[in-house]
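Chemist: got a sequence here, can you build the structure:
(chains A and B)
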Amino acid sequence: GEDVEQSLFLSVREGDSSVINCTYTDSSSTYLYWYKQEPGAGLQLLTYIFSNMDMKQDQRLTVLLNKKDKHLSLRIADTQTGDSAIYFCAERNTGTASKLTFGTGTRLQVTL
Amino acid sequence: EPEVTQTPSHQVTQMGQEVILRCVPISNHLYFYWYRQILGQKVEFLVSFYNNEISEKSEIFDDQFSVERPDGSNFTLKIRSTKLEDSAMYFCASSEYGESKLFFGSGTQLSVL
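Modeler: Alright, predicted model coming up:
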């Protein structure tokens, strides 16, 4: 079945760039998403990329997709303390179009 | 900005009791979903719902679970006889179309004692 993996923890200094990585197994993924979860809150959609794209930029966020290696990354430029949260990678494929498969989540800690 | 709303934010129940978790999806969305996240584990898909019927469900979604859209705005998840292992954060989500972005609510934390 589908599997999505992420590293559990990342610590960066305020002002630096953060790069959160994700790998997935399903080659028929159509969309890949990044969600942000702040403490006690729900899942906020940050950005997404369609599988025929290599890169997508949205203000401070850059998503890179390496379809050959099934690797997705989220880069946050000029990381701020307000970016501290858990970041989830999720994929959706044509076989099960109505569901997302989530990764374990990466906890981003931003230090001063 | 339109959002998915869930009530209650916290629910405590005794094992064996029935619970109903409520959601109001975004008004022009046609697809509705329930996911759950057991503490320390991945967010897991439970069920998707379209045109007043279940379109897909996971192995977790057994006979103890049911979903309903009782009127034009609410979408509910019922757990008939709760078990300790049903303790989790339950997220409702909706999307405009089947392939479009999912928007999640802030979740209901269910604690089964």
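Chemist: only C-alpha atoms from now on, for both contacts and neighbour counts.
Modeler: Noted.
Chemist: is chain B within reach of the strand or helix carrying A:Cys22?
Modeler: Using DSSP states H and E, A:Cys22 falls within strand A:18-24. No: Strand A:18-24 is not in contact with chain B by C-alpha under 8 Å from any C-alpha of the partner chain; minimum separation 13.7 Å.
Chemist: past that strand, which element shows up next along the chain?
Modeler: strand A:29-37.
Chemist: relative to the whole chain's centre, how far out is that following strand?
Modeler: Mean-position distance between strand A:29-37 and its chain equals 6 Å (C-alpha atoms, centre = their mean, to the nearest Å).
Chemist: in the strand holding A:Cys22, what's buried?
Modeler: A:18-24 (16 or more other C-alpha atoms under 10 Å in any protein chain shown).
Chemist: where does pLDDT dip in the chain?
Modeler: Going with chain A. Residues of chain A meeting the criterion pLDDT under 70: A:1, A:94-98.
Chemist: try chain B instead
Modeler: For chain B, applying pLDDT under 70 flags the ranges B:99.
Chemist: chain A contacts on that one?
Modeler: So far as C-alpha under 8 Å from any C-alpha goes, chain B lies against chain A at B:41-45, B:48, B:55-56, B:91, B:98-99, B:102-107.
Chemist: one step back: next, the angle from the strand holding A:Cys22 to strand A:29-37.
Modeler: 140 degrees (axes from the mean of the first three to the mean of the last three C-alpha atoms, to 10 degrees).
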